[in-house]
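# The sequence and its predicted three-dimensional model are supplied below.
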Number of protein chains: 2
Amino acid sequence: MTSLREPPYWAVIFTSERTPEDATGYASMAAEMVALASKQPGFLGVDSARGSDGVGLTVSYWESLEAIREWRRQEDHRIAQRLGREQWYRAYSVRVARVERAYDFER
Amino acid sequence: MTSLREPPYWAVIFTSERTPEDATGYASMAAEMVALASKQPGFLGVDSARGSDGVGLTVSYWESLEAIREWRRQEDHRIAQRLGREQWYRAYSVRVARVERAYDFER
């Protein structure tokens, strides 16, 4: 779980439905993309989960819209995006949102 | 998957780690809360996934901050929140974010 920081910052909410294709290749690319995103300037963290119904949510956090743009254009990430559309995803949506409030609870 | 609509609107990003306690009670309450939220004024949709590592993401979408406030105060939801802190969650975080851009892909 990505720890909280003081708003404002940005969230990219990526919601997807997988095809049944290429589970191994997908898992490997997903791990690679997390590692790569973590090295991008302005990256703040990422949380990801996929349920048994095949719907997945990945929320990544960024310092600025510019940081999000740079990540979207990153070369290896562009290749992953193309493979995603060609093979791995039946559908996906991307929402870019400005985090205005944040609070948490821990035992 | 919640279908896209034209921004702006609001997202509540709820990230959580479950305790091992009470899987049946938790699943039943989670389903009840989705049904209840769907009846709230200003509710636009919800997507949810929990991975095998126990980290879950639920993103709900709302027309306004006021709609989010009303849902947060809703009586049965308050009971669920209390049970969540007492039993079901080891930790959680809530982020309220304004969706500024949205796009999607479908085969």
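Here it is on my side, so go on. Residues are numbered from 1 along each chain as shown, chains lettered A, B, ... in the order given.
# Who are the contact partners of A:Ala67?
A:10, A:40-43 (CB atoms under 8 Å, 6 or more residues apart in numbering or on different chains). For the C-beta atoms, the positions are set from N, CA and C on the backbone; glycine is no exception.
# Buried ones among those residues?
A:10, A:42-43 (16 or more other CB atoms under 10 Å in any protein chain shown).
# Neighbouring strands of the longest strand along chain A in the sheet, and parallel or not?
For chain A, the strand with the greatest residue count under DSSP state E is strand A:89-106. Using DSSP bridges, strand A:89-106 pairs in its sheet with strand A:9-18 (antiparallel), strand B:89-106 (antiparallel).
# could you give me the average pLDDT of it?
Across strand A:89-106, pLDDT averages out at 97.
# can I have it written out in PDB, keeping just the CAs?
Once non-C-alpha atoms are left out, strand A:89-106 reads as follows in PDB (Å, rounded to 0.1, in the frame of the first residue of the first chain):
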ATOM      1  CA  TYR A  89      -6.800  -6.200 -22.600                       C
ATOM      2  CA  ARG A  90     -10.300  -6.700 -23.800                       C
ATOM      3  CA  ALA A  91     -11.000  -3.200 -22.500                       C
ATOM      4  CA  TYR A  92      -9.500  -0.500 -20.300                       C
ATOM      5  CA  SER A  93     -10.100   3.000 -19.100                       C
ATOM      6  CA  VAL A  94      -7.700   5.600 -17.800                       C
ATOM      7  CA  ARG A  95      -8.700   8.500 -15.500                       C
ATOM      8  CA  VAL A  96      -6.400  11.200 -14.500                       C
ATOM      9  CA  ALA A  97      -7.400  12.800 -11.200                       C
ATOM     10  CA  ARG A  98      -6.100  15.400  -8.800                       C
ATOM     11  CA  VAL A  99      -6.000  14.100  -5.200                       C
ATOM     12  CA  GLU A 100      -7.400  16.800  -3.000                       C
ATOM     13  CA  ARG A 101      -7.900  15.000   0.400                       C
ATOM     14  CA  ALA A 102      -6.300  12.000   1.900                       C
ATOM     15  CA  TYR A 103      -6.600  10.200   5.300                       C
ATOM     16  CA  ASP A 104      -5.800   6.800   6.600                       C
ATOM     17  CA  PHE A 105      -6.300   4.200   9.400                       C
ATOM     18  CA  GLU A 106      -3.800   1.700  10.800                       C
END
